[in-house]
Structures are given as structure tokens and as C-alpha cells.
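Trainee: The amino acid sequence is not available; the structure is as follows:
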């Protein structure tokens with residue numbers, strides 16, 4: 001049996017799709033950070049940057065400066081352009 005579609009049911013159906021697309025939308029807005037290849041000598045090399053690098057919606061309880069590996073930063077949505 002089909003139910004009539006109302007604006008409310010359409011809104012409820014769209015919420016999960018928007019929630020799943022949120023990280024993709026956030027990544028699209030962030031510009032890549034250009035760095036020298038020598039900064040990341042190997043997989044254990046760490047780079048320190050301000051927490052705002054992770055975006056505007058970053059948790060304010062994080063330290064003001066975060067030190068992480070390239071993989072760690074990229075898992076947070078930061079992209080690098082290495083020269």
C-alpha cells in the first residue's frame with residue numbers, strides 16, 4: 001500500500017542522505033595545503049598545524065595546535081599538495 005507523499009515525509013527521507021553527504025561537502029570546500037615533499041620524509045613524520053585546519057566545525061576542546069602524520073591529517077579531511 002502506497003502512502004501519500006507529504007513535504008514532511010520527503011524531509012525525513014532526505015535527512016540520512018544529507019548526513020552521509022556532509023563529509024563530502026566539507027572536503028569539497030577545503031583547499032589543499034601545499035608543502036614540500038621533504039616535510040613528510042616517511043610515514044611517521046608529524047606536522048603541527050592549528051586546529052582550524054580541520055575546518056570551521058572543529059571541536060573547540062581540541063588543543064589549539066595539533067601534531068599528526070599525513071595519514072592522520074588526511075583522515076580528518078585535510079588534503080596536501082606536495083611539491
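Mentor: Great, that's in hand. These numbers were taken from a predicted model, which means no experiment stands behind them.
Trainee: and residue 54, how many neighbours?
Mentor: 19 (other Cβ atoms under 10 Å). C-beta here means a position set from N, CA and C on the backbone, and glycine is covered the same way.
Trainee: Over to residue 61?
Mentor: For residue 61, using other Cβ under 10 Å, the count is 6.
Trainee: Please identify the helix or strand for it.
Mentor: Residue 61 is part of no helix or strand when elements are defined by DSSP states H and E.
Trainee: can you tell me how far it sits from residue 30?
Mentor: According to Cβ to Cβ, to the nearest Å, residue 61 stands 21 Å off from residue 30.
Trainee: Same check on residue 81?
Mentor: With Cβ to Cβ as the criterion, residue 81 and residue 30 are 12 Å apart.
Trainee: who has more neighbours, these two?
Mentor: residue 30 (14 against 9).
Trainee: Just to check, that one is in contact with residue 76?
Mentor: No: contact criterion Cβ atoms under 8 Å: residue 30 and residue 76 do not qualify, at 10.1 Å.
Trainee: can you confirm residue 38 is in a strand?
Mentor: No: counting by DSSP: H, G, I helix; E, B strand; the rest coil, residue 38 is not part of a strand but helix.
Trainee: Tell me who's in contact with it.
Mentor: By Cβ atoms under 8 Å, 6 or more residues apart in numbering, the contact list for residue 38 is empty.
Trainee: pLDDT value on residue 68, please?
Mentor: pLDDT for residue 68: 95.
Trainee: Pull the number of nearby residues for it.
Mentor: Neighbour number of residue 68 under other Cβ under 10 Å is 17.
Trainee: Name the nearest residue to it, ignoring sequence neighbours.
Mentor: Once flanking residues are discounted, residue 68 sits nearest to residue 46: 6.1 Å by Cβ to Cβ, 6 or more residues apart in numbering.
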